[in-house]
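K.L.:
Got a sequence here, can you model it:
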Amino acid sequence: MKKLIALSVMALLSLGLGAGAAYAEDYGKQKVVYHVNVDDEKQLKATLGNIQNHINAVGKENIDLRVVMHGPGVQLLQIANKNPDFQDKISNLKRQGVHFNVCNNTLVGKKIDYKTDLYDVSKEDIVPSGVAELAALQSKGFSYVKP
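P.N.:
I've put the predicted structure just below:
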């Protein structure tokens, strides 16, 4: 009887593990753009957590993830410029292949110098228009996420 119970438990565990593995595989390859246009620090921190959770669920090898910031959303990188916790989160996401794009219209309109006012931004990270970039990425098959 003990042997039968042990075999039943093992069978149930293997079914559960198999179902979990199959469930994770259902996500497949993904192209995703996160739209950030808020300046609430708590919400921005939560967004970085959502992005990491997304990568954890899909696998960094299965996702092409972009973060497009415009208007007040550029605050994410302004906060990071002075906040080591935000710096760590952003750097970790970049190491996993996440691209952070900044709207040039916002930089010009708010007189922001990306070299001194934003955390870890290069010229290649700047897009002419954040909203146009969102539309262009969606037309290329990126799913839109607004956290």
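K.L.:
Now do the helix or strand containing Q78: everything it contacts.
P.N.:
Assigned by DSSP states H and E, Q78 falls within helix 75-80. Residues outside helix 75-80 that contact it (CB atoms under 8 Å, 6 or more residues apart in numbering) are 36, 38-39, 41, 44, 47-48, 67, 69, 86-87, 90, 100, 102, 112, 117-121. Any C-beta I mention is one placed from the backbone N, CA and C, and that applies to glycine too.
K.L.:
Same check on stretch 109-125?
P.N.:
Contacts of stretch 109-125 (CB under 8 Å, 6+ apart): 74, 77-78, 80-81, 86-87, 90-91, 94, 99-102, 106-107, 126.
K.L.:
right, and L44 touches N50 too?
P.N.:
No - contact criterion CB atoms under 8 Å: L44 and N50 do not qualify, at 10.6 Å.
K.L.:
if I pick the residue most central in space within the chain, what's in contact with it?
P.N.:
By CA atoms, centre = their mean, the mean C-alpha position of the chain lies nearest to I51, the distance being 3.2 Å. When contacts are counted by CB under 8 Å, 6+ apart, I51 touches 34, 65, 67, 93, 98.
K.L.:
what kind of secondary structure is the nearest residue to the last one once chain neighbours are set aside in?
P.N.:
Using CB to CB, 6 or more residues apart in numbering and skipping residues adjacent in sequence, the residue nearest V98 is L65, 4.9 Å away. Assigned by DSSP: H, G, I helix; E, B strand; the rest coil, the conformation of L65 is strand.
K.L.:
who's L65 bridged to?
P.N.:
Per DSSP bridges, residues listed as beta-bridge partners of L65: V32.
K.L.:
That one contacts N56, doesn't it?
P.N.:
No - if you go by CB under 8 Å, L65 and N56 don't touch, sitting 12.0 Å apart.
K.L.:
out of the two, which sits in the more crowded spot?
P.N.:
Higher neighbour count among L65 and N56: L65, with 23 against 10, using other CB atoms under 10 Å.
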